[in-house]
Every structure is written in C-alpha cells, then in structure tokens.
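S.K.: Fold the stuff below for me.
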Amino acid sequence: MTPSHCSEPDRTSPDRFRWDHQRVAQVFDRFNDPDPPASVRQFAREHDIPRSTLGHWLRQDPPEDLDPNLVAFFRSSSGLALLRRVVLALFLVFLFRASCGLRSLGLFLRLTQLDRFVASSHGALHELAGAIEADLGAFSDQERVRLGEGLAARDIALVADEHFHADQPCLVAIEPASNFILVEQYADRRDAATWTTVITAALEGLPLTAVLLTSDQAKGLICCAGEGLQAQHLPEMFHGQRDLAAPFTGPLQRCKEAAEKELREAEEMLQYWRDEKAKAQAQRRPGRPLDCDWRIDIYVSWVAHRAEEVAACEARQQQAKDAVRGLADDYHPFDPGTGAVVSAADMRRRLDKHLGTLKDVARKAELGSKATAALAKAQQWTGALVAAVGWFWTVAATKVEEMDLPEQAEQAVNEELLPGLYWQQAARRGRIAEDRQHKEELAQRLLKQAWRKGGALSQLPKQRRQEVQRVAKEVVGLFCRSSSCVEGRNGRLSLLHHGQCRLSAGRLKALTTVHNYLVERPDGTTAAQRFFGQEPRDLFTWLLQRLPDLPRPAAKRPRKEPLAALLPE
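M.R.: Got it, this is the predicted structure:
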C-alpha cells in the first residue's frame, strides 16, 4: 500500500496542502498518451502518489455543459499553460492597467466558462491579486537596481504634481522624455521638504541629476526646485494660459451675447415696421397714415451699427484666443517655421507681442480690473519662461562645448541636429494634423541635413557620432514646457481609484510598475527602456514564472429554493 503523505504547501494558502496543478496535468498527459501505463497502482507507486488520489483524478467526470475535448485540453499541461497565461493577462490588463475590479474579472471567467478550471469567487481572486501585486513591486525593485548599474550619468528634467484621490496627497514626478514615473507615492505633506525628500530618494543610486523641474507654480514645488534640488524651475504652459484667459473669455463672450441680443431686437423692430408699411398700403384706412419710412430708415441704421458691434466683439474674441494660443505656439527654443535658434531676447519680444494684443483687447472691450491683474501676473509668468530659455541655451552651450567638436561639427549640432531632434519629439503634440505634419517634415529635413553624407558630423568616428547623438538627445530632453504627462497620469489614477474603490500603497506601486515596464508606445518601447537606455527583462514572462498555483473552483452546490417556494400556498 502506498503510504499517505501531504503535498507541498500551496504558495497562496500556506496553511493548506494541495497537489500542484502542474503535477495533476502531467498525470493526465501520461494517461491520455497513446501508450498509457498498464497499471494505475504501479504508476502511483513509481510517482509517489497515493493510489486513491490518483484514482480520484482519473475518475473526474467532465462538466455536462462543456465539450469533453475542451475539458481534456485544459486538464493537460498545454491547456494549463494557456490558462495561466490567460489569467495573468486578465489581471495585468484589466485590474492593473484598466479600472476594472475583481468582480468584473470573476464575471469574465464565468461568461467564458473558465470558472470550471479556476476559481472565480471574490476571495480567491483577491488572494491571487495580492500575490501578483507583490511580485510587481518586487520586479520594479530588482530592475531598478539591475538597470541602474549600466546607466550613464546624465542630467534630466522632471515634471511634478500632486493628486488627491485619497486621504493623503499622492506625489507624482515623471521624466518627460521617456514618460518614466520616477515618483508615485502617498505622503503626509506636499511641502518643499517632502518633495525634496521623495525625489532625492527616487534618484538614490542612479547617476542622474535633476536640473529642471516643471510644475504648475505651486509654492512647494518652486521652493523644492530652487532650494532643495538646486535646479531650474520652469512654469508649465497650461495653467499660465488658463489663468490669463479666464478674465478675457467670460467678459468677451458676454459682450458678444449682449451685442447679438441688441442686433436681434433691432432686426425684429425693422421687420415690424416693414410689415406695418405693407399692411397700410394693402388696407387703406381713413385718416393720416403712419409715416413708416423714417422709422424703417432709423432701424436700418441701427441694424448696421449693431452688426458692426457684433463683428467687433467676435474679432476681439478671436484676437484674444489667438494671442493666448500664440504664447504656446511661440514658446519653443527653436523657430517652428525654420528651426532657427530662438534666444531669450527673441523670446521676450515674441511673448510681449501677444501680451500687447491682449492689452489692446482689454482696452477696447473696457474690461475690468481682473483682466489688468491677469496681465500683470502674466508678465511675471512670461518672465520666468524667458529665464528658462536663457538657462536652456546656457546648459546646451556647455554640453556641446564639452564634446570638443570641430567648429563646423559644433555648428551643425546647434543649427541642425538639436532643432531636428527637438521637433521630432514635439511633432506628435501638434494641435492639428497639418501642424504635426509640418513639424515632422521640418524635423526630417533638419536631421537629414545634419547627418548628410560628407557633412561635418558624418565624418566623425562612429563612437563620436554615438556620443553626439546621446548628448543632443539629453539636451533637447531638458526643455519641458508642458505638464501633460503628469496630468494624464493623474487622470488615470482617478479612474483607477473610482473603479477599484481605493488604491493602497502596494497597489499604487504595482500600477507604477505596469506603466513603466509593460505599456508600450507605437515604436514598441517601454518607459523603462527609454529611461535606462537598455531593454529590461520581460515583465509578463517574469510574472508567469512566479505565478502561484491557480485557485481551484469550488464544487457546485445545489441552489437553495427561494423562501417563497417553501411556504404553503
């Protein structure tokens, strides 16, 4: 008789002992083989399996509502491998990437009838989700150390913001060039000291220096940049444009609506007196007829005057809109039309031109003190923008000079390579398709000219060309005028919090890992690959190797009759 014994403990349930799915699947493979074992007793003795346990496995009847061939497949090793991949993908895509909850995952398993092979209850899925969540955090910790060892020293920019989807603020900081989330954690405070601490801890052990911090001008982040990180602070465009446009948008719209209302009233009165004139001509009455002609002439002039006012209001609206948009369109270190370098002085003139247009609109529309205050605040905002451009060109000149290139090669870097790489990364953020296409064509033309055969850069040795390309990408990555990456991440965190009730610190770390190591851009690269400059290990394969044994479905119990059916009629 085969001695009774316990199997290895299940990883997800250390207090229970169960046979591993893979061991069971191998038994099914062996007995479904064209040449199966002759004796069940002998097979049990050879493989150290209790005969009663082996007999129970082999006597299991397939579910009545499933195809026996399908059941046989999922009981085999190949079917089990597919089932593990499906379940892991289900958790990664729908729980850790989308905003679904565990009950939605259980519904998916029941609708696909996979609940016959893996448990779909909330408790079983919660236990499995906890194991995957812990593995995601472990993968991030391991890859950060492994990839950081081969990382070259460089300067980086960061975009930082807070998000309030929980009781504590969630601090988020992203490296915009790669879209790698460097900081995403809960904190008790969001002051400068806290921000400095979390960013410094995130950079610890990495040969990276944060030299630029882009934010929405929160006082804590400004202080963190200047005093904590000793970095340049760059106010991002969206909040500055929003604060500037707010005192113009509402009043100008109300002026337009008032002018349109007066125009409609004048048109109605004009039509009224025209109708009265036609009525008087059709029905001659005794007495002196009304003199409708002079009234019609008056209202004709009123209609023309009111139409001019409406047109003027629409023109002022469009001027204000174009001026606010023009601030963002012109705020680039390179000219969007030619790719030429835009110095800090040139940038000051371009931005002042748009502010002058807004001042003229405010004067003509007789706007109140709020518009004046917004323009005064915008002067300080644009001053910080201009200072950031001057800082960028100082850093760019220093890094290019450190490469010690020939004069012609240095000129090609400044006039062709840098603007080409900048517009290559900025083209996809164009407002309209024509704008994106124009910037892509400009980038291709500049890069083609920079690396043209016989040019100064193409004549450099291969190793020097690679160094020039790396430094140039690092330089253009230091100019980040938008916080769209962190704003988009905050929006996704809101969706995840709404769909999953709450996000614990462990779940937040797992979500960060999925963003950095799983999500790919159209070019097939992950944020970690772009940030570290080398390809990390495949996250899905790593998790699949560590995935615990899938929870077994519970035996089907008969449904209890409703209470109403048990009551006497």
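S.K.: Ramachandran angles for residue 185?
M.R.: Residue 185 adopts backbone torsions of phi -160, psi 160, taken as degrees, to the nearest 10.
S.K.: Just the helices from the stretch 351-500 of the chain, written as ranges.
M.R.: All helices of the stretch 351-500 of the chain, identified by DSSP state H, counting those that start in this stretch, fall at 369-402, 407-412, 418-426, 433-450, 462-476, 484-500.
S.K.: hey, which of those is tucked in deepest?
M.R.: Compared across the helices of the stretch 351-500 of the chain, helix 418-426 shows the largest average neighbour count, a mean of 22 (mean count of other Cβ atoms under 10 Å). For glycine as for every other residue, the C-beta is placed from the backbone atoms N, C-alpha and C.
S.K.: just checking, what packs against it?
M.R.: Counting contacts by 3 or more Cβ pairs under 8 Å, 6 or more residues apart in numbering; DSSP states H and E, helix 418-426 is packed against helix 433-450, helix 462-476.
S.K.: Redo the ones you listed as a markdown table? Include distance to residue 118 and mean pLDDT.
M.R.: Converted to a markdown table, the helices and strands packed on helix 418-426 look like this (distance: least, Cβ to Cβ, whole Å; pLDDT from 0 to 100):
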| stretch | distance to residue 118 | mean pLDDT |
| --- | --- | --- |
| helix 433-450 | 45 | 92 |
| helix 462-476 | 46 | 92 |
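S.K.: and residue 139, which of these is closest to it?
M.R.: helix 462-476 (26.9 Å; Cβ to Cβ).
S.K.: got the CA positions of the closest one in PDB?
M.R.: Extracted C-alpha coordinates of helix 462-476, given in PDB (Å, rounded to 0.1, in the frame of the first residue of the first chain):
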ATOM      1  CA  LYS A 462      31.300  56.000 -35.100                       C
ATOM      2  CA  GLN A 463      31.900  56.200 -31.400                       C
ATOM      3  CA  ARG A 464      32.000  60.000 -31.500                       C
ATOM      4  CA  ARG A 465      28.800  60.100 -33.600                       C
ATOM      5  CA  GLN A 466      27.000  58.000 -31.000                       C
ATOM      6  CA  GLU A 467      28.200  60.300 -28.300                       C
ATOM      7  CA  VAL A 468      27.000  63.400 -30.200                       C
ATOM      8  CA  GLN A 469      23.600  61.800 -30.700                       C
ATOM      9  CA  ARG A 470      23.300  60.800 -27.000                       C
ATOM     10  CA  VAL A 471      24.300  64.300 -25.700                       C
ATOM     11  CA  ALA A 472      22.000  66.000 -28.200                       C
ATOM     12  CA  LYS A 473      19.000  63.900 -27.100                       C
ATOM     13  CA  GLU A 474      19.900  64.700 -23.500                       C
ATOM     14  CA  VAL A 475      19.900  68.400 -24.200                       C
ATOM     15  CA  VAL A 476      16.600  68.600 -26.000                       C
END
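S.K.: Remind me what it packs against, helices and strands.
M.R.: Using 3+ Cβ pairs under 8 Å, 6+ apart, helix 462-476 sits against helix 369-402, helix 418-426.
S.K.: could you give the mean pLDDT of the shortest one?
M.R.: When you say that, I think you mean helix 418-426. Average pLDDT, helix 418-426: 92.
S.K.: try stretch 227-243
M.R.: Stretch 227-243 comes out at a mean pLDDT of 92.
S.K.: Would you mark the buried spots in that stretch?
M.R.: 228, 229, 231, 232, 233, 234, 235, 236, 237, 239, 240, 241 (16 or more other Cβ atoms under 10 Å).
S.K.: Please verify my assumption that residue 247 contacts residue 371.
M.R.: Yes: with contacts counted by Cβ atoms under 8 Å, residue 247 reaches residue 371, the gap being 4.3 Å.
S.K.: will you turn the helices of the stretch 351-500 of the chain into CSV that also has distance to residue 526?
M.R.: Below are the helices of the stretch 351-500 of the chain laid out as CSV (distance: least, Cβ to Cβ, whole Å):
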stretch, distance to residue 526
helix 369-402, 27
helix 407-412, 32
helix 418-426, 17
helix 433-450, 23
helix 462-476, 17
helix 484-500, 15
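S.K.: which one of those helices lies closest to residue 162?
M.R.: That would be helix 484-500 among the helices of the stretch 351-500 of the chain, by Cβ to Cβ, at 8.5 Å.
S.K.: Only alpha carbons, please: show that closest one as PDB.
M.R.: What follows is helix 484-500, C-alpha atoms only, in PDB (Å, rounded to 0.1, in the frame of the first residue of the first chain):
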ATOM      1  CA  SER A 484       0.600  66.900 -19.900                       C
ATOM      2  CA  CYS A 485       2.400  63.700 -18.900                       C
ATOM      3  CA  VAL A 486       1.700  64.100 -15.200                       C
ATOM      4  CA  GLU A 487      -1.800  65.500 -15.700                       C
ATOM      5  CA  GLY A 488      -2.600  62.400 -17.800                       C
ATOM      6  CA  ARG A 489      -1.300  60.100 -15.100                       C
ATOM      7  CA  ASN A 490      -3.400  61.900 -12.500                       C
ATOM      8  CA  GLY A 491      -6.400  61.400 -14.700                       C
ATOM      9  CA  ARG A 492      -5.700  57.600 -14.900                       C
ATOM     10  CA  LEU A 493      -5.200  57.400 -11.100                       C
ATOM     11  CA  SER A 494      -8.700  59.000 -10.700                       C
ATOM     12  CA  LEU A 495     -10.200  56.300 -13.000                       C
ATOM     13  CA  LEU A 496      -8.400  53.500 -11.100                       C
ATOM     14  CA  HIS A 497      -9.500  54.900  -7.800                       C
ATOM     15  CA  HIS A 498     -13.000  55.200  -8.900                       C
ATOM     16  CA  GLY A 499     -13.100  51.700 -10.400                       C
ATOM     17  CA  GLN A 500     -11.400  49.900  -7.500                       C
END
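S.K.: list the helices and strands that helix packs on?
M.R.: Helix 484-500 packs on strand 154-163, strand 170-175, helix 505-517, going by 3+ Cβ pairs under 8 Å, 6+ apart.
S.K.: Quickly compare the ones you listed and say which is most buried.
M.R.: strand 170-175 (a mean of 24).
S.K.: Run me through the strand neighbours of that strand, direction for each.
M.R.: Here strand 170-175 has these sheet partners by DSSP bridges: strand 154-163 (antiparallel), strand 180-186 (antiparallel).
S.K.: Could you check the angle the longest one makes with helix 369-402?
M.R.: Okay, so that is strand 154-163. 160 degrees (axes from the mean of the first three to the mean of the last three Cα atoms, to 10 degrees).
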